[in-house]
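*Asks:* sharing a model prediction with you, sequence too.
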Amino acid sequence: MDNSSTSQGSSARVASALAAKGVRLEIREFPASTRTAADAAAAIGCDIAQIAKSIILRSTLSNRVVLVITSGTNRVDEAKVSQHVGEPLTKADAEFVRNKTGFSIGGVAPVGHLEPPIVLMDADLLQYESVWAAAGTPNSVFCITPHQMTVVVDGLAIVDIKQENQA
């Protein structure tokens, strides 16, 4: 479904969204997939925890996109996210993700969505000097500071959304 012109368009949309907020960051493309946090960390040469995973959930009442930006080592506690959002949530399928964000699963960026999402960022990401986020395709990423993330992502709320039973 995702051809090279669509991929280039997705990365360009991310670059434009960053530039519109006054942030110009290099988007790095890799020959292999950076679809998972482990794949991205291996390609970049950073710790998995420094990967800012974009998890998309669907609010069941309003059908809105809920974007959760979390550390690559963390699992999201959907009950906590639901409390912050104020309505029940469900996992988003690939079609919902593509239609609402304009990105394919594995390449969802924190910016440049087709529809403005509700955005929650994992407080654990604040401990890092820099983190790496998907740049619109399953093999592209960009490096950003957590502070810059709070500037470029509209409506971002920093919250504790990590499952507590993690190591």
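*Replies:* Cool, the structure landed.
*Asks:* what does the lowest-mean-pLDDT helix or strand in the chain contact?
*Replies:* In the chain, no helix or strand scores lower on mean pLDDT, DSSP states H and E than helix 4-20, which sits at a mean of 81. Outside helix 4-20, the residues within contact range by CB atoms under 8 Å, 6 or more residues apart in numbering are 24-25, 27, 29, 102-103, 107, 109, 111-112, 135-137, 140, 142, 152. Heads up, the C-betas are built off the backbone N, CA and C, glycines and all.
*Asks:* tell me the SS of residue 120?
*Replies:* strand (DSSP: H, G, I helix; E, B strand; the rest coil).
*Asks:* just checking, what packs against the longest strand seen in the chain?
*Replies:* The longest strand of the chain (DSSP state E) is strand 51-59. Where contact means 3 or more CB pairs under 8 Å, 6 or more residues apart in numbering; DSSP states H and E, strand 51-59 is packed against helix 37-44, strand 65-71, helix 78-85, strand 89-91, helix 94-101, strand 131-134.
*Asks:* next one: the most centrally placed residue in the chain from residue 134, what distance?
*Replies:* Centroid-nearest residue in the chain: residue 54, 2.5 Å away (criterion: CA atoms, centre = their mean). For residue 54, the distance to residue 134 equals 6 Å [CB to CB, to the nearest Å].
*Asks:* same question, residue 156
*Replies:* Computed as CB to CB, the residue 156 to residue 134 distance reads 16 Å.
*Asks:* those two - which one has more neighbours?
*Replies:* residue 134 (29 against 18; other CB atoms under 10 Å).
*Asks:* if I pick the more buried one, what's in contact with it?
*Replies:* Contacts of residue 134 by CB under 8 Å, 6+ apart are 34, 40, 54, 103, 106-110, 140-141.
*Asks:* low-confidence ranges, this protein, go.
*Replies:* 1-8, 166-167 (pLDDT under 70).
*Asks:* run the last query once more with 80
*Replies:* 1-8, 165-167 (pLDDT under 80).
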